[in-house]
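Asks: Fold the following, please.
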Amino acid sequence: MAELAKGIIYGIEDKPPIGKRAVLALQHVLTMFGSTVSVPLLLGPAMNMTPSEIVILVSSVMLCSGIATFLQVTIGSRLPIVQGVSFSFLAPFFAIIAFAKTGNLSMQYIAGAIILGALIEIAIGQFKLIGKLRKYISPVVIGPVIMLIGLSLFKVGAPKAGTYWPISATVIIGIVLFSQVLSKKNKLFRLFPILSAIIIAYLACVIFTLIGSFEPGHPAYIDMSIVSESTWFKPLDTIFFPWGLPKFHVGFFFAVLAGYLASMIESFGDYHAAAYMSGAGDPTEEMLNNGIRSEGLGCLVTGILGGFASTSYSENIGLIGITKVASRHVVMLGAGFLVLLGFFSKFGALVATIPEPIVGGLYTALFGLISAVGIQQLARADLSSDRNLMIAGLSLFMGLSMPAYIEGVAAFGYPPGADAIAASLPKALADIVTSVLSTGMAVAAIIGLTLDNLIPASDEERGITPAATK
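Replies: Down below sits the predicted model:
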């Protein structure tokens, strides 16, 4: 522990000079920028939002990330942890979008589900349950759940990228090249592989738009009118509930709970990593519970301000290991920068001009990577165990198969499973069952949690670390 902490330049409570602190804080913002902006770019077009609505969405997301980060470093774990939009919620959010169709209605249901889930997360932290619950949620459960974040979205990857493959391929190749090849030669690419790929593809679109190769209507055409027409600052009436008052649906709540489950387990590991890299040793139980409670408060704020649920960002924790700067005051200043960006509408307008082929490239590269992270989690368990293989395999397969059954497999002429459920259950119960079973993560979590805790196995076989059982 002490050996890894050796070389720390600024500890958790240290305050670097304000100039240096500002530069270090900006680096944290840039590190999380690509992932944070990716989510509204993925979900906004899926909700058929107009460019002006995407401007509001991006601004809300940045504002919420700043507030959630500030809560984490002040009343939460008090570790140097940045909060940002979580990919764990994408699958249930897409399920809500498929139901609601329009952007405003989708965001109202998303806000309702986020708020209800946030109250559960706050309670788990407040009543000190995270340490007790962790031993019941092993890598055998969480691995397939994380894999399904990416795998359940395979249907939107190629169609989005296929709007104009040359630009989408530029993004995909750029992300691979920067993160796996050039990152070994230049620290800049290691820190910003996604952002670098987006910038290069975007500049290509700008150039081809200016010379007339991409005309209005072309998928990669850049329309800067939204930037010139946008106000400089976020209108006051778009701060609280910008999409309307939340709508609550029990089925969506249960589906989003699977996202909260994945998010909390990810954060549990991130707290250990952040404390370890900062030279603080293992995080105390108080740090863990306060951190989870803070994340719940952050998610509650996002539901009110019209953003998406947030979680701890592993990439920013990795930045601590690279820079040897573990000051939470640096991260606190970074939170201030995020809030400023949230109020600066021109920034959101510029992001809204990113064309669909670039978004498609992000889909393809990021969702595959997220699935691979699930494999990495699963590998922490004993994969020579038939028990673990059966549980993980069944969870994964049913997580893919059940949503397809609910939607109906048109190619084979199967009727939607939702019709059968609706015909056999009262409407309120049918809505809940349909919403949960149409979300692969929720299906995998239910099956995995049940089997993993009913079928006997040692902690070592399940991949549970000693820290998780304390």
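
Asks: Give me the residue ranges of the stretch 251-400 of the chain where confidence is low.
Replies: Residues of the stretch 251-400 of the chain meeting the criterion pLDDT under 70: 269, 282, 315, 318-319, 321-323.

Asks: Can you show me the strands along it?
Replies: Remark: strands assigned in the stretch 251-400 of the chain by DSSP state E, counting those that start in this stretch are 310-312.

Asks: Okay, helices next: where are they in it?
Replies: 285-305, 314-323, 328-343, 345-352, 356-378, 386-407 (DSSP state H, counting those that start in this stretch).

Asks: export the longest one as PDB, just CAs?
Replies: Which is helix 356-378. Provided in PDB are the C-alpha atoms of helix 356-378 (Å, rounded to 0.1, in the frame of the first residue of the first chain):
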ATOM      1  CA  GLU A 356     -24.800  11.200 -36.600                       C
ATOM      2  CA  PRO A 357     -22.000   9.200 -38.300                       C
ATOM      3  CA  ILE A 358     -19.600  10.300 -35.500                       C
ATOM      4  CA  VAL A 359     -22.200   9.200 -32.900                       C
ATOM      5  CA  GLY A 360     -22.500   5.900 -34.700                       C
ATOM      6  CA  GLY A 361     -18.700   5.400 -34.500                       C
ATOM      7  CA  LEU A 362     -18.900   6.100 -30.800                       C
ATOM      8  CA  TYR A 363     -21.700   3.500 -30.400                       C
ATOM      9  CA  THR A 364     -19.700   0.800 -32.100                       C
ATOM     10  CA  ALA A 365     -16.400   1.400 -30.200                       C
ATOM     11  CA  LEU A 366     -17.700   2.200 -26.700                       C
ATOM     12  CA  PHE A 367     -20.400  -0.400 -26.400                       C
ATOM     13  CA  GLY A 368     -18.000  -3.200 -27.400                       C
ATOM     14  CA  LEU A 369     -15.500  -1.900 -24.900                       C
ATOM     15  CA  ILE A 370     -18.200  -1.800 -22.100                       C
ATOM     16  CA  SER A 371     -19.100  -5.500 -22.900                       C
ATOM     17  CA  ALA A 372     -15.400  -6.400 -22.600                       C
ATOM     18  CA  VAL A 373     -15.200  -4.700 -19.100                       C
ATOM     19  CA  GLY A 374     -18.000  -7.100 -18.100                       C
ATOM     20  CA  ILE A 375     -15.800 -10.000 -19.200                       C
ATOM     21  CA  GLN A 376     -13.000  -8.500 -17.100                       C
ATOM     22  CA  GLN A 377     -15.300  -8.400 -14.100                       C
ATOM     23  CA  LEU A 378     -16.400 -12.000 -14.600                       C
END
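
Asks: will you turn the helices of the stretch 251-400 of the chain into CSV that also has mean neighbour count?
Replies: The way it works is simple: take the backbone N, C-alpha and C, and place the C-beta from them, glycine included. Formatted as CSV, the helices of the stretch 251-400 of the chain follow (neighbours: other Cβ atoms under 10 Å):
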stretch, mean neighbour count
helix 285-305, 23
helix 314-323, 20
helix 328-343, 22
helix 345-352, 23
helix 356-378, 21
helix 386-407, 19
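
Asks: got those as TSV, with distance to residue 65 columns?
Replies: Shown next, in TSV, are the helices of the stretch 251-400 of the chain (distance: least, Cβ to Cβ, whole Å):
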stretch	distance to residue 65
helix 285-305	8
helix 314-323	11
helix 328-343	5
helix 345-352	13
helix 356-378	17
helix 386-407	28
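
Asks: of the ones you listed, which approaches residue 22 most closely?
Replies: helix 328-343 (6.4 Å; Cβ to Cβ).

Asks: counting contacts, what elements does that closest one pack onto?
Replies: Where contact means 3 or more Cβ pairs under 8 Å, 6 or more residues apart in numbering; DSSP states H and E, helix 328-343 is packed against helix 18-46, helix 51-74.

Asks: Looking at the ones you listed, which one is packed in the most?
Replies: Most buried of the helices and strands packed on helix 328-343, by mean neighbour count (mean count of other Cβ atoms under 10 Å): helix 51-74, with a mean of 25.
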